[in-house]
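> got a structure for you, letters missing:
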């Protein structure tokens with residue numbers, strides 16, 4: 001393990017936790033904006049997106065814990081296949097859902113509409 005990995009590896013779960021906290025913040029702000037502007041409740045899509053991101057967070061922690069152990073019974077948890085299906089794909093789908101909902105509510109700030 002290089003010194004760069006040693007320094008930046010603990011920041012991975014912190015970044016995911018901060019991203020999930022930002023989703024919670026955007027959900028509350030979008031709910032309030034939608035109530036004022038009488039928009040449909042698109043903010044409810046933040047929940048499945050946040051759940052997928054939380055699944056990615058848990059999978060990241062499990063995969064790192066499994067890679068630290070030398071047990072053959074948990075060797076599958078440290079494979080790239082597990083990372084793909086339980087970390088990368090849920091994180092991609094969750095961030096995509098949340099980005100689409102954020103764009104739906106907050107695009108007027110960038111486009112100068114309304």
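Nice, I can see it. Predicted model, so just to flag it, every value in this text is computed and none were measured.

> where exactly do the helices run in the protein?
Secondary structure of the chain (DSSP state H): helices located at 3-8, 11-37, 46-68, 80-83, 89-111.

> could you redo those as TSV and give each row distance to residue 74, mean pLDDT and mean neighbour count?
Using the backbone N, CA and C atoms, a C-beta is placed for each residue, glycine as well. TSV is the format used below for these (distance: least, C-beta to C-beta, whole Å; pLDDT from 0 to 100; neighbours: other C-beta atoms under 10 Å):
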stretch	distance to residue 74	mean pLDDT	mean neighbour count
helix 3-8	21	71	9
helix 11-37	19	93	14
helix 46-68	4	93	17
helix 80-83	10	94	13
helix 89-111	20	95	15
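
> Which residue is the nearest non-sequential neighbour of the residue positioned nearest the centre of the chain?
For the chain, residue 53 is the residue whose C-alpha lies nearest the centre (C-alpha atoms, centre = their mean; 3.2 Å). Closest residue in space to residue 53, ignoring its immediate chain neighbours: residue 94 at 4.0 Å, by C-beta to C-beta, 6 or more residues apart in numbering.

> dump the residue contacts of that neighbour.
48, 49, 50, 51, 52, 53, 55, 56 (C-beta atoms under 8 Å, 6 or more residues apart in numbering).

> cutoff 7 Å now
Applying C-beta atoms under 7 Å, 6 or more residues apart in numbering, we find residue 94 in contact with 49, 50, 52, 53, 56.

> which one of these sits closest to residue 103?
Distance to residue 103, by C-beta to C-beta, is smallest for residue 49 among the contacts of residue 94, at 12.6 Å.
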